[in-house]
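J.: Return atomic coordinates for the entry below.
(2 chains)
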Amino acid sequence: MEYAIELENVRFAYHDGRPALRGVSLRIAPGEKVALVGPNGAGKSTLLLHLNGILAGQGRVRILGQEVNGANLGWIRAQVGLVFQDPDDQLFSPTVFEDVAFGPLHMGLPEAEVRERVAWALAQVGMDAFADRISHHLSQGEKKRVAIATVLAMKPEVLALDEPTAGLDPRARRGLLRLLARLPQTMLVATHDMRLVAELFPRTVVLDAGQVVADGPTGHLLTDEALLEAHGLESPYLSPLP
Amino acid sequence: MHIHLLDQYHTGRSPVHRLDARVKLLLTLAFILVASLTPAGAWPAYLGLALLALGVTLAAGLPPLLVQRRALVALPFALAALTVLFTTEGRPLFTLSLGAWHLTASEPGLIRFLSILLKSWLAIQAAILLAATTPFPTLVVAMRALHFPRLLVAIIAFMGRYLFVLADEALRLHRAREARSAVIGPGSGGSIAWRARVTGGMVGNLFLRSVERSERIYNAMLARGYRGELRTLSPPRLRPADGVLGLLFVTLLALIALLGW
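T.: Next comes the predicted model:
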């Protein structure tokens, strides 16, 4: 069986020697939607950066059966759409159009197809009317949508999102949830938003101190109070404060 | 909360607004070149340039006084030219005595100094007109199309994108400091040295945040296939009207330049 994402004993330490990932193994089947939860500093963002070779430690990372290495980075990055937490980092071009066109252009696509893909990707996230706008003038929710469009335009098989709902008001959050529910790609989403996890992801992976400490059906994990408590998480189902 | 300190673009549908940004950019550069190369004391040429700038301002539907007043920002810089007043040979006008120093202003010196003031004021007007009638992203595309150095254009594009983000960050830092700067009586607020240290810390903080942000932006670029070479779509074709307007403007400029010599 070919997995969409396959990590085998991935280890990574930052320059200062601080370990961020301490032997992470993970297999995600094509089309699966998986939540990645854990306290700050658990290594969630670091893990996502391994999926398209921006960071590379020890161990193996395979995307759609291909091992990530220096030779196939271009292909890998077209397969894995990575959306960063702060849309101001993701949207670095003067206009929305240019930002969404960045990925397809750097994939070497002809101009006509680039324009087509930009229009298609913006329509996917309901932002078609914003192509000529300046990113700075968008609301946080609009920026998040455009940020997702910037990777959709590359037609990736896998979406890796870092905190997609952080900093959104309830309405923008709801809109984003609907958008994520509609997208067909394989998804690995790092988040603190436990209600998002409960609503959207059948499977949850708990990461703490650079290790996978739990991996299973979301409904099962989210009722395991002891597990949540031990890794600084909370259940989305309200319970009285102790 | 956002800062829009550079958003001086005024929306409009005037012929000046609609003129292709490449043509506008070249004409602006030509105007500045003519203004700076016109010899000192060529008053009729200056008048011609001023009228040309005024004509474009009116055609663009911008308030002339606003453009002319904003162009005054150049004056403090032009004061650097104050020395020509005293270093140019010619009929003496007056003498300043600063202790042992005697500075004698000459008539040709005065003419040169006033010319420099006027010329910089005119040149800035042209730059303001360009910025006020051309959206920033369009200007960046125009620079690229005109084959300005790619690295320079990329830096300008990033600056345009992140200046606001940076200014917002500075504003938040400033507010955080204000919120903790209670005044409870005389003597509170700390010494100047202490305040300078706080401000220095804030500047350092802003710098570190920017460095970290630049790393994240670079990662975001890598993630979307950037391999060290920026690619862009080819710019739209020029319309005949752009050429005609551009030619008309260049002819006027040439006439004014002749007036100066």
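
J.: list the contacts for A:Val61?
T.: Residues in contact with A:Val61 (C-beta atoms under 8 Å, 6 or more residues apart in numbering or on different chains) are A:5-8, A:10, A:50-51, A:53, A:67-68. The C-beta positions use only the backbone N, C-alpha and C, and glycine is treated the same way.

J.: Residue numbers of the stretch 101-250 of chain B in contact with chain A?
T.: Residues of the stretch 101-250 of chain B lying close to chain A by C-beta under 8 Å from any C-beta of the partner chain are B:135-137, B:140, B:157-158, B:160-162, B:164-165, B:213, B:216-217, B:219-227, B:231-234.

J.: Identify the farthest-apart pair in the contacts of A:Val61.
T.: A:Glu8 and A:Gly53 (15.0 Å; C-beta to C-beta).

J.: The residue nearest the centre of chain A: what's it in contact with?
T.: By C-alpha atoms, centre = their mean, chain A has its centre lying nearest to A:Leu161, at 1.5 Å. Counting by C-beta under 8 Å, 6+ apart, A:Leu161 makes contact with A:83, A:148, A:180, A:187-191.

J.: ok, back up a step: A:Glu8 and A:Gly53: who's more crowded?
T.: A:Gly53 (20 against 14; other C-beta atoms under 10 Å in any protein chain shown).

J.: Would you mind giving both backbone torsions of A:Thr95?
T.: Dihedral angles of A:Thr95 (phi, psi; degrees, to the nearest 10) stand at phi -130, psi 160.

J.: which element is the nearest residue to it once chain neighbours are set aside on?
T.: In this structure, A:Thr95 finds its nearest non-sequential neighbour in B:Pro137, 4.5 Å apart by C-beta to C-beta, 6 or more residues apart in numbering or on different chains. If you go by DSSP states H and E, B:Pro137 is part of helix B:136-145.

J.: thinking again about what came up before, what residues are up against the residue nearest to A:Thr95?
T.: Residues near B:Pro137 by C-beta under 8 Å, 6+ apart: A:94-95, A:98, A:134, B:160.

J.: same deal with B:Met143?
T.: By C-beta under 8 Å, 6+ apart, the residues touching B:Met143 are B:25, B:152-153, B:156.

J.: give me the number of residues near B:Ala170?
T.: Using other C-beta under 10 Å, B:Ala170 has 16 other residues around it.

J.: Below-threshold pLDDT in chain A: ranges please.
T.: Counting by pLDDT under 70, chain A has low-confidence residues at A:1, A:238-242.

J.: Close to chain B: what parts of it are there?
T.: Checking chain A against chain B by C-beta under 8 Å from any C-beta, the hits are A:49, A:52, A:54, A:74, A:77-78, A:80, A:82, A:84, A:86, A:88-95, A:98, A:101-103, A:105-107, A:111, A:114-115, A:134-136, A:150-151, A:154.

J.: from the residues you listed, which would you call buried?
T.: The neighbour-count test (16 or more other C-beta atoms under 10 Å in any protein chain shown) marks A:49, A:52, A:54, A:77-78, A:80, A:82, A:84, A:86, A:88-95, A:98, A:101-103, A:105-107, A:114-115, A:134-136, A:150-151, A:154 as buried among the residues of chain A next to chain B.

J.: now residue 92, nearest residue through space, not along the chain?
T.: You didn't say which chain, so I picked chain A. B:Ile217 (5.1 Å).

J.: That was the other one, I meant chain B.
T.: B:Thr104 (4.9 Å).

J.: swap in B:Phe136?
T.: Leaving aside its chain neighbours, B:Phe136 sits nearest to B:Gly160 (4.9 Å; criterion: C-beta to C-beta, 6+ apart).

J.: Distance from the chain centre to the helix or strand the residue nearest to B:Pro92 falls within, please.
T.: Here B:Thr104, judged by DSSP H and E, is contained in strand B:101-106. Offset of strand B:101-106 from its chain centre (C-alpha atoms, centre = their mean, to the nearest Å): 33 Å.

J.: can you map out the helices along the stretch 51-200 of chain B?
T.: All helices of the stretch 51-200 of chain B, identified by DSSP state H, counting those that start in this stretch, fall at B:64-70, B:75-78, B:84-87, B:107-133, B:136-145, B:150-179, B:192-223.

J.: Quick one, which of these gets closest to A:Leu26.
T.: Of all the helices of the stretch 51-200 of chain B, helix B:192-223 comes closest under C-beta to C-beta, at 19.3 Å.

J.: could you give the angle of that closest one to helix B:150-179?
T.: Angle of helix B:192-223 versus helix B:150-179, following axes from the mean of the first three to the mean of the last three C-alpha atoms, to 10 degrees, is 140 degrees.

J.: re the thing from before, by neighbours, which of the contacts of B:Met143 wins?
T.: B:Val153 (21 neighbours).
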